[in-house]
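> quick one, what's the 3D model for this:
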Amino acid sequence: MAQIKTLSLALLITAALVSFATTRIQSVTHQLGNTQEMKTKQQDPSLEKKKLRLRIERMLVSEEMIKKWREGHL
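Numbering: from 1, shown residues only. Next up, the predicted model:
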């Protein structure tokens, strides 16, 4: 019985450490991504314009699809 409790405790501690490590890795990865994105923005200002243009195009396509769906053409 004591072995089961010890094993359960060890598994609980391991799960907590894995959870902490995963969260930390995600945080660092996110920070690195933000740093890389900032460098990209500084190097290529036209990239932001391209991203914005793509977002607008996606929104327009979405509006067209919604309009067609409402009219029953889909």
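> what does stretch 15-34 rub up against?
Residues from elsewhere that reach stretch 15-34, judged by Cβ atoms under 8 Å, 6 or more residues apart in numbering: none at all. No exception for glycine: its C-beta is placed from N, CA and C like everyone else's.
> so how far is the biggest helix by length in the chain off the chain centroid?
Counting residues, the longest helix in the chain under DSSP state H turns out to be helix 2-43. In this view, helix 2-43 has its centroid 15 Å away from the chain centroid, taken as Cα atoms, centre = their mean, to the nearest Å.
> now it: mean pLDDT?
The pLDDT scores in helix 2-43 average 81.
> what's the first helix or strand after it?
helix 46-71 (DSSP states H and E).
> hmm, back to that, next, the angle helix 46-71 makes with the longest helix of the chain.
Counting by axes from the mean of the first three to the mean of the last three Cα atoms, to 10 degrees, helix 2-43 lies at 110 degrees to helix 46-71.
> per-domain residue ranges of this structure.
The record's domain split for the chain, according to automatic domain parsing, is 1-43, 45-74.
> would you list those in TSV and tack on mean neighbour count?
Listed next are the domains of the chain as TSV, based on neighbours: other Cβ atoms under 10 Å:
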stretch	mean neighbour count
domain 1-43	10
domain 45-74	10
